[in-house]
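Engineer: kindly return the folded structure for what I paste below:
(one chain, ligands or ions: 1)
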Amino acid sequence: MPLKKEKPVPPKKITKPVVEKVVEKKEKDEEEGGKSSKTFELLRGFRDILPEEQGRWNLVRDTVRSIAESYSFDRIDLPILERSDLFQKTVGKATDIVEKEMYVFTDPSNRSVALRPEATASAARAYISHGMLDRPQPVKMWYVGPMFRHDRPQAGRYRQFYQAGFESFGVDEPIVDAQLIVLGAQIFRELGLDIKVEINSIGTPECRQAYLAELTSYFRPHRNKLSEDDKRRLQKNPLRILDSKEEATLELLQGAPQILDWLDDKSKEHFMKVLEFLEEVEIPYVLNPHLVRGLDYYTHTVFEFVLAQDEGDKSQSALGGGGRYDGLIQLLGGRPTPGCGFALGLERIVRALDAKGVNPPERSKPSVFFAQLGDAARRVGLKLFEEFRRAGVPVVEAFGKSALKGQLESANKLGVQLTLILGQKEVLDGTIIIRDMESGAQEIVDVKKVVQIVKKKLHKEPAPAEAPVSE
Ligand code: AMP
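Structural biologist: Residues are numbered from 1 along each chain as shown. Model prediction:
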């Protein structure tokens with residue numbers, strides 16, 4: 001018989017104050033999407049786009065598609081999951097996206113993969129893997145889809161967000177940069193959003209080298225005024241210090257050397273031409289010498305579309321951005337091929353439309369309601385519904401309701417023009433009642449002819465206004 005062991009005395013726990021514990025649990029729960037609660041909640045930074053928001057989303061998606069087509073961009077759908085080194089190599093190891101924000105994990109085949117944080121690198125990969133260099137250049141492609149960045153969520157900043165992007169590969173002419181900017185501006189114009197174009201040039205990697213040496217030596221004596229983040233930027237990726245939001249850095253930046261003064265002649269000429277083209281088509285722009293964009297692959301022109309009136313949170317007012325990336329294809333092992341493109345943030349655009357009170361209906365309002373009484377009527381109704389659908393007349397029904405009163409109430413709420421009523425008697429007689437919802441007038445018609453009759457009623461021209469009586 002085993003000896004009875006003495007129970008060890010647990011070490012005394014240091015208990016945290018209750019409030020602190022509750023706050024910690026809430027934050028942990030939020031991070032884990034309410035794992036410990038009974039209901040499943042969304043992961044932090046993720047959201048549902050609800051039916052009532054779809055009108056605005058459709059407006060944005062449809063505008064993007066129609067503009068893309070009118071500028072001869074071809075749609076491409078790219079995978080959401082890619083090898084993680086695709087982004088490490090192109091976006092850059094010392095960028096926020098790769099350093100802190102990428103969803104990277106090992107897949108069941110033991111490969112390191114990432115949820116795409118952006119899609120330009122994927123488009124470049126597709127260009128190489130499908131031999132698009134052999135197609136007539138430029139190859140112009142557009143896409144729309146979700147991107148993933150594990151950033152700190154806030155209004156207008158999510159961990160899953162949608163981008164629509166435009167990429168043009170194969171031509172290094174400044175007119176390509178300019179036309180992409182025109183295309184973007186056109187999307188905003190059609191959506192009725194007032195934006196400004198901010199623009200800069202970061203030249204070639206060679207001329208940037210000399211500039212970065214100068215920038216670093218300018219900041220060196222002021223190192224102790226910089227935040228830890230900016231100190232790190234200065235050391236690892238000094239160009240990024242230009243888009244710092246820290247007050248102390250912003251003050252120092254006023255006297256900092258500007259990249260435009262360090263551009264070689266070719267880069268300067270390229271940039272001047274882009275600006276001339278924009279002036280030609282009267283796209284107003286603002287030179288922003290601090291605009292560098294957060295990704296390593298950019299060369300020459302960089303630009304952003306910024307909401308014009310948004311004086312509030314500047315960091316959320318960028319609705320899109322992009323630039324030229326002449327070294328990208330080569331970086332991925334392809335033959336040297338220039339390229340230029342940009343991406344729009346759809347949540348931010350939808351938010352701007354919301355702020356303006358724009359919310360078109362999700363789909364066109366149906367004009368006909370079908371009300372039924374009894375099982376036989378439901379059976380006929382199901383068939384009739386299909387006949388109307390095939391004839392292109394949208395009909396709403398409430399097959400789940402049985403009382404006529406409730407169904408007519410639904411019809412009223414929907415504001416339909418006509419309600420079709422089918423009861424036991426009508427089924428036996430092969431008829432159906434058409435009720436004009438405005439006048440309340442009812443008419444019994446042959447059920448076989450109802451689709452044609454309804455079509456005619458809906459398309460009837462409004463009665464001509466009475467001629468004025470001359471005095
Ligand atoms: P970027 O290339 O990172 O500048 O992204 C292009 C556009 O996508 C930005 O101008 C934003 O409108 C949008 N965007 C970027 N990150 C986020 C995010 N975390 N949440 C929502 N929209 C974003």
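Engineer: from this structure, which residue is nearest to the ligand?
Structural biologist: Using CB to the nearest ligand atom, G345 is the residue of the chain that sits closest to the ligand, at 2.1 Å. Yep, even glycine has a C-beta here, placed from its N, CA and C like the rest.
Engineer: how many neighbours does R240 have?
Structural biologist: Around R240 there are 21 other residues, counting by other CB atoms under 10 Å.
Engineer: and it, that's in a strand?
Structural biologist: No: read with DSSP: H, G, I helix; E, B strand; the rest coil, R240 is helix and lies in no strand.
Engineer: tell me which element the nearest residue to it once chain neighbours are set aside is part of?
Structural biologist: Residue nearest to R240 in three dimensions, not counting chain neighbours: R233, with 4.5 Å by CB to CB, 6 or more residues apart in numbering. For R233, the element it lies in under DSSP states H and E is helix 228-236.
Engineer: what comes up buried for that helix?
Structural biologist: 230, 233-234 (16 or more other CB atoms under 10 Å).
Engineer: and stretch 360-379, by the same measure?
Structural biologist: Quick answer for stretch 360-379 (16+ other CB under 10 Å): 366-373, 377.
Engineer: in helices only, show me the residues you listed.
Structural biologist: With DSSP state H as the criterion, helices contain A377 from among the buried residues of stretch 360-379.
Engineer: let me have the buried residues of stretch 360-379 in a markdown table, extended by pLDDT and distance to the ligand.
Structural biologist: Listed next are the buried residues of stretch 360-379 as a markdown table, based on pLDDT from 0 to 100; distance: CB to the nearest ligand atom, whole Å:
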| residue | pLDDT | distance to the ligand |
| --- | --- | --- |
| P366 | 88 | 34 |
| S367 | 93 | 38 |
| V368 | 96 | 40 |
| F369 | 96 | 40 |
| F370 | 96 | 42 |
| A371 | 96 | 44 |
| Q372 | 94 | 46 |
| L373 | 94 | 50 |
| A377 | 94 | 50 |
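Engineer: in strands, which of the buried residues of stretch 360-379 appear?
Structural biologist: Residues of these located in strands (DSSP state E): 368-372.
Engineer: need the max-distance pair from the residues you listed.
Structural biologist: Of all pairs drawn from these, the one with the longest distance (CB to CB) is V368 and Q372, at 13.3 Å.
Engineer: next, R116: phi, psi?
Structural biologist: phi -60, psi 130 (degrees, to the nearest 10).
Engineer: actually Y162, sorry about that
Structural biologist: Taking degrees, to the nearest 10, you get phi -100, psi 140 for the backbone angles of Y162.
Engineer: how about the residues of this protein near the ligand?
Structural biologist: 118, 149, 151, 156-158, 161, 163, 294, 318-321, 343, 345, 347-348 (CB under 6 Å from any ligand atom).
Engineer: hmm, which of the residues you listed are the buried ones?
Structural biologist: Neighbour counting over these (16+ other CB under 10 Å) leaves 118, 149, 151, 156-158, 161, 163, 294, 318-321, 343, 345, 347-348 as the buried ones.
Engineer: hmm, back to that, okay, the buried residues of stretch 360-379 in TSV with distance to V176 next?
Structural biologist: Compiled in TSV, these are given as follows (distance: CB to CB, whole Å):
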residue	distance to V176
P366	45
S367	47
V368	50
F369	52
F370	54
A371	58
Q372	59
L373	65
A377	62
